[in-house]
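Peer 1: how does the following fold in three dimensions:
(one chain, ligands or ions: 1)
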Amino acid sequence: MKRQCFRPQKGVIMNKEFLYDLLSTGSVSGNETAVEKKIYDYMQDKADCVAVDELGNVTAAVNTASSFRVLLAGHADEIGLMVTAVGGDGTLMVTNIGGIYTTTYPGHKVRIYTNKGVIYGAVANARSIAKNNELKASDLRIDIGAKDKEDALKYVELGDTVTFDTDVRELLNDCITGRALDDRIGAYIVMEALAKAKEKGASVGCYAVATTGEETTGNGAYFTSSRVKPNVAIAVDVTYTSDNCGISEALTGDIAVGKGPVICNNPSIHKKLNRILRDCAEKLQMEIQTEAANGHTGTDGDTMHRTGAGVPFALVSIPLRYMHNPDEVGSLKDIQDCIDLLAEFMCALTEDTDLRPF
Ligand SMILES: [Zn+2]
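Peer 2: Predicted coordinates:
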């Protein structure tokens, strides 16, 4: 296959082929192995070591002898559905895995990830379903063409996961659209940032993990952070924008796709880490955006923060339109900027970095 490359102004070549491969692979929360395996293979020649744990979390690392450790986490899992029962007519009944928009499913093709490989289905729709504003996941029925329950169960097991039958497409102005850019782009970013930090000569221990389970249990971030025992952590995830659909900037901040990585201010995010991130962006002459939020971030950052003796963390987000829909929209430029910013950040840390506020 011809290698496709996106060339942003700074001359760094993003591996779009690998990014699009990740975005075309199913990874419903709890069933992330296919994506994790691709990341494991990809990172073999880009890190000092690459490890997989019992959950399937893949962690790549450089400078593991250093006593100061920074952990970057992007989650590999995506939202979707899980088969809970098969009707007498052979249609599949499902529950939600993570925060789905139930009304986006009727009338769409889906993939069911079975032990025998992917099989396809159509989500039943009718005017009565389309008009049901209270539609629940348990109201959905997936038609796989089976003659009856017995026929369906030759192919499908209860617990099999389901995603939309969609991959990634390029839009204008370096934008891409696809299913679950949240947060396979984050998993991609942390790995490329680690590789770049190694190239640039980062001195501290740098760890990048593609976590499992963020959309449901947070188990991947918990396992990894508990074991790496980082001095600082960065969650890399997507965030809402105010540049579409009338989403209020009072809720999201004034955030737009294509305008750079988003730094978050909230009560638990570490202000000195944000300062270092801002200094790095300034050094790179990179445009960044700021969001402010109360309480928890709703990301792996919250989980890592509460492991061990406590871990200071920051959140770097990629602006994303239509989050948790089959056609999320993000920007390749923002992805590349996040990689550059995080690589610079890792290089800015030293064994003497002191995060005490006074
Ligand atoms: Zn996410």
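
Peer 1: now the phi/psi pair for the residue nearest to Asp53 when sequence neighbours are not counted, please.
Peer 2: Excluding its sequence neighbours, the residue lying closest to Asp53 (Cβ to Cβ, 6 or more residues apart in numbering) is Phe223, at 5.9 Å. Just so you know, the C-beta spots here come from the backbone N, C-alpha and C atoms, and that holds for glycine as well. Backbone torsions of Phe223, given as degrees, to the nearest 10, read phi -60, psi -50.

Peer 1: same check on the one 5 residues further on?
Peer 2: Dihedral angles phi and psi of Val228 (degrees, to the nearest 10) take the values phi -70, psi -30.

Peer 1: so what's the residue count around it?
Peer 2: Using other Cβ atoms under 10 Å, Val228 has 24 other residues around it.

Peer 1: Glu344 versus the nearest residue to Met323 once chain neighbours are set aside, what's the distance?
Peer 2: Nearest non-adjacent residue to Met323, counting by Cβ to Cβ, 6+ apart: Asp182, 5.6 Å away. Per Cβ to Cβ, to the nearest Å, Asp182 is found 24 Å from Glu344.

Peer 1: between the two, tell me which one has more neighbours.
Peer 2: Asp182 (26 against 22).

Peer 1: tell me the contacts of the more buried one?
Peer 2: With contacts defined as Cβ atoms under 8 Å, 6 or more residues apart in numbering, Asp182 is in contact with 78-79, 237-238, 320, 323-324, 328.

Peer 1: now tabulate those residues in CSV and tack on distance to Gln44, secondary structure and neighbour count.
Peer 2: Formatted as CSV, these follow (distance: Cβ to Cβ, whole Å; DSSP: H, G, I helix; E, B strand; the rest coil; neighbours: other Cβ atoms under 10 Å):
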residue, distance to Gln44, secondary structure, neighbour count
Glu78, 24, strand, 28
Ile79, 29, coil, 22
Asp237, 25, strand, 25
Val238, 27, strand, 26
Leu320, 29, coil, 26
Met323, 32, coil, 19
His324, 32, coil, 18
Glu328, 29, strand, 21
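
Peer 1: and those residues, which is closest to the ion?
Peer 2: Closest approach between those and the ion, by Cβ to the ion: Asp237, at 4.3 Å.

Peer 1: double-check the closest one against Asp300; I have them as touching.
Peer 2: Yes. With contact defined as Cβ atoms under 8 Å, Asp237 counts as touching Asp300 (7.1 Å).

Peer 1: list the contacts for Asp327?
Peer 2: 166, 177-179.

Peer 1: if we use 7 Å, what do you get?
Peer 2: Thr177 (Cβ atoms under 7 Å, 6 or more residues apart in numbering).

Peer 1: can you tell me how far it sits from the ion?
Peer 2: Separation of Asp327 from the ion (Cβ to the ion, to the nearest Å): 16 Å.

Peer 1: same question for Glu150.
Peer 2: 38 Å.

Peer 1: quick one: that residue is in a helix?
Peer 2: Yes. Inclusion of Glu150 in a helix is indicated when DSSP: H, G, I helix; E, B strand; the rest coil is applied.

Peer 1: overlap in contacts, Asp237 and Asp300.
Peer 2: Shared contacts of Asp237 and Asp300 (Cβ under 7 Å, 6+ apart): His75.

Peer 1: quick one: the strands in the stretch 51-200 of the chain?
Peer 2: Using DSSP state E, counting those that start in this stretch, the strands of the stretch 51-200 of the chain run over 58-62, 69-75, 80-86, 92-97, 109-114, 117-123, 141-143, 161-164, 168-170, 175-178.

Peer 1: isn't Tyr155 up against Tyr120?
Peer 2: No. Using Cβ atoms under 7 Å, Tyr155 makes no contact with Tyr120, being 10.7 Å away.

Peer 1: of those two, who's got more company?
Peer 2: Using other Cβ under 10 Å as the criterion, Tyr155 and Tyr120 rank with Tyr155 on top: 16 against 13.

Peer 1: contact partners for that one?
Peer 2: So Tyr155 contacts 114, 116, 119 (Cβ under 7 Å, 6+ apart).

Peer 1: go again using 8 Å as the cut-off
Peer 2: Counting by Cβ under 8 Å, 6+ apart, Tyr155 touches 114, 116, 119, 144, 146.

Peer 1: state the pair within those that is farthest apart.
Peer 2: Largest separation among those by Cβ to Cβ: Lys116 and Ala146, giving 13.7 Å.

Peer 1: these two: which has the busier surroundings?
Peer 2: For Lys116 versus Ala146, neighbours defined as other Cβ under 10 Å are more numerous around Ala146 (22 against 10).

Peer 1: and that one, what does it touch?
Peer 2: Shown in contact with Ala146 (Cβ under 8 Å, 6+ apart): 86, 90-91, 152, 155.
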